[in-house]
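Asker: no letters, just coordinates:
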């Protein structure tokens, strides 16, 4: 079931703060969580761009990064926030399609305590907790209540209500205990204290949601405004595991302030991202199917063939196409349905694409399915190495700065332990725009470089332990 996000009450005002000193970047664990496979947001982006030039590359020395252990739940990804004094853990889904962070507080009745990882945030036990007065409303607004109220509802019926508060917060760190001296990592953070939940927000495993879109209220932006990070940038690196529990299973890395090159198995290449607020938007240039499977954009089989999906570029982009970490699956233009089926029929020697029926597949059959290759418009500033793996020059010589992103069958096919069958999770149903969801993002460290209007892609196993091992060896 598709979900359309309707922000009922959210008043955002711009806030900036200069920060000088050493470059800061925080790398922290992510924990994936199954929210709903068909959660798809209809996005509307109509905002002008501007020419920002602030650099946001990671420091040359990886030991300048702060690394934290990694844990997991199901499906989409979430991260630990430690809120208050003393810190209390709240797990929140990392969502580049939302602007506000919110989770249940003590006034919330029947708000998923039997499903969520943690109990409600006990604001009365935090000595640094503060309500926000009406005259200082930033996330919400005052009406009949003396509190700054905000609410979010979804077309299928899920919703939440909250009131705006602030407290000290830091992200990441050990999963099961707070830092002994959190003052060095924490910053004052505006968020929503949820008082009412319905639908999926009540039954999901994570406690709440973390807004990561381009907004003054987003988690990364508040970290930058307060000086907790130096650059207007962050990276998300997603992996998928076959099992998950509330105790956590490894599933990826989030880096605030830039990108951690220790995670990369290929050089990062950049797609153009023209917006200066709202959701992260890219332009699709073409789609291909590559025979023989393979997880990398570079095939390891000489016999692999590339079959282009024949469709006009304007049909691929009949509306904005966004990269959305809060949507589990990928939803693209309905104009793609016929051409994709034709290309599939050709590359699979007469076998038809069935996007709805679950199927039994052996490991060999799954890995032999075609890899979906998506060509994105390259960043206007170009890429440092014209021969970098991931550039489109060998496929499309007329557009050598475009980039290619590989989506292997292990990412677009989802396995059900219950039925022991696989189901495709690429949908061609959108009448306007599209969403490149978490299954598109998997296997890449994706650098959301807000200041330079670009989104970078580097292939990665997204294993946090590799970063942790590097730290301990140093």
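Answerer: Done, it's in. Predicted model only: the values in this text are computed from it and were never measured.

Asker: now the chain, which segments are flagged as low pLDDT?
Answerer: Within the chain, the stretches with pLDDT under 70 are 1-75, 155-156, 242-250, 468-474.

Asker: what ranges do the helices span in it?
Answerer: In the chain, the segments counted as helices under DSSP state H are 200-203, 219-225, 313-316, 337-347, 363-367, 409-412, 438-441, 464-473.

Asker: so what secondary structure elements neighbour the third one?
Answerer: Spelled out, that is helix 313-316. Applying 3 or more CB pairs under 8 Å, 6 or more residues apart in numbering; DSSP states H and E, one finds that helix 313-316 contacts strand 284-290, strand 330-333. Every C-beta, even on glycine, is put in place using the N, C-alpha and C of the backbone.

Asker: so which residues make contact with it?
Answerer: Contact with helix 313-316 is made by 284-287, 332-333, 335-336, as judged by CB atoms under 8 Å, 6 or more residues apart in numbering.

Asker: can we see that at 10 Å?
Answerer: Identification of contacts with helix 313-316 by CB atoms under 10 Å, 6 or more residues apart in numbering yields 283-287, 309, 332-336, 339, 374-375, 377, 434.

Asker: hey, what's residue 210 bridged with?
Answerer: residue 94 (DSSP bridges).

Asker: neighbours of it, how many?
Answerer: Residues within reach of residue 210, counting by other CB atoms under 10 Å, total 28.

Asker: quick one, what contacts it?
Answerer: Residues near residue 210 by CB under 10 Å, 6+ apart: 78-79, 81, 90-96, 98, 100-103, 171, 191, 218-220, 254, 325-326.

Asker: now the buried members of those.
Answerer: The neighbour count (16 or more other CB atoms under 10 Å) marks 78-79, 81, 90-96, 98, 100-103, 171, 191, 218-220, 254, 325-326 as buried among these.

Asker: will you turn the helices of the chain into a markdown table that also has distance to residue 273?
Answerer: Below are those laid out as a markdown table (distance: least, CB to CB, whole Å):
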| stretch | distance to residue 273 |
| --- | --- |
| helix 200-203 | 28 |
| helix 219-225 | 15 |
| helix 313-316 | 17 |
| helix 337-347 | 25 |
| helix 363-367 | 32 |
| helix 409-412 | 22 |
| helix 438-441 | 14 |
| helix 464-473 | 25 |
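
Asker: just to revisit the earlier point, deepest of the helices and strands packed on helix 313-316, which one?
Answerer: Ranked by mean neighbour count, these are led by strand 330-333 with a mean of 24 (mean count of other CB atoms under 10 Å).

Asker: gap between residue 421 and residue 387?
Answerer: 42 Å (CB to CB, to the nearest Å).

Asker: quick one: which of these two has more around it?
Answerer: The neighbour comparison of residue 421 against residue 387 (other CB under 10 Å) goes to residue 421, with 15 against 10.

Asker: list the contacts of the residue nearest to the more buried one when sequence neighbours are not counted.
Answerer: Spatial nearest neighbour of residue 421, chain neighbours left out: residue 358 (3.7 Å); criterion: CB to CB, 6 or more residues apart in numbering. Taking CB under 10 Å, 6+ apart as the criterion, residue 358 is in contact with 413-416, 419-424.

Asker: also residue 325?
Answerer: Each residue near residue 325 by CB under 10 Å, 6+ apart is listed here: 30, 76-77, 93-98, 210, 212-213, 236, 238, 254, 280, 436-438, 440-441, 446, 448.

Asker: which single one of the contacts of helix 313-316 is nearest to residue 393?
Answerer: residue 375 (11.0 Å; CB to CB).

Asker: kindly state the beta-bridge partners for the closest one.
Answerer: On the basis of DSSP bridges, residue 375 is bridged to residue 286, residue 404.

Asker: okay, now it: neighbour count?
Answerer: Counted with other CB under 10 Å, residue 375 comes out at 23.

Asker: so it is in contact with residue 399, correct?
Answerer: Yes - using CB atoms under 10 Å, residue 375 is in contact with residue 399, at 7.8 Å.

Asker: shared neighbours of the two, which are they?
Answerer: In contact with both residue 375 and residue 399: 285-286, 392, using CB under 10 Å, 6+ apart.

Asker: and these as JSON lines, adding distance to residue 346?
Answerer: Below are those laid out as JSON lines (distance: CB to CB, whole Å):
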{"residue": "285", "distance to residue 346": "20"}
{"residue": "286", "distance to residue 346": "16"}
{"residue": "392", "distance to residue 346": "21"}
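
Asker: ranges for the strands of the stretch 251-400 of the chain?
Answerer: 252-256, 269-272, 281-282, 284-290, 306-308, 321-323, 330-333, 371-376 (DSSP state E, counting those that start in this stretch).

Asker: okay if I get these as a markdown table plus distance to residue 453?
Answerer: As requested, the strands of the stretch 251-400 of the chain are exported to a markdown table (distance: least, CB to CB, whole Å):
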| stretch | distance to residue 453 |
| --- | --- |
| strand 252-256 | 19 |
| strand 269-272 | 7 |
| strand 281-282 | 10 |
| strand 284-290 | 17 |
| strand 306-308 | 28 |
| strand 321-323 | 14 |
| strand 330-333 | 23 |
| strand 371-376 | 14 |
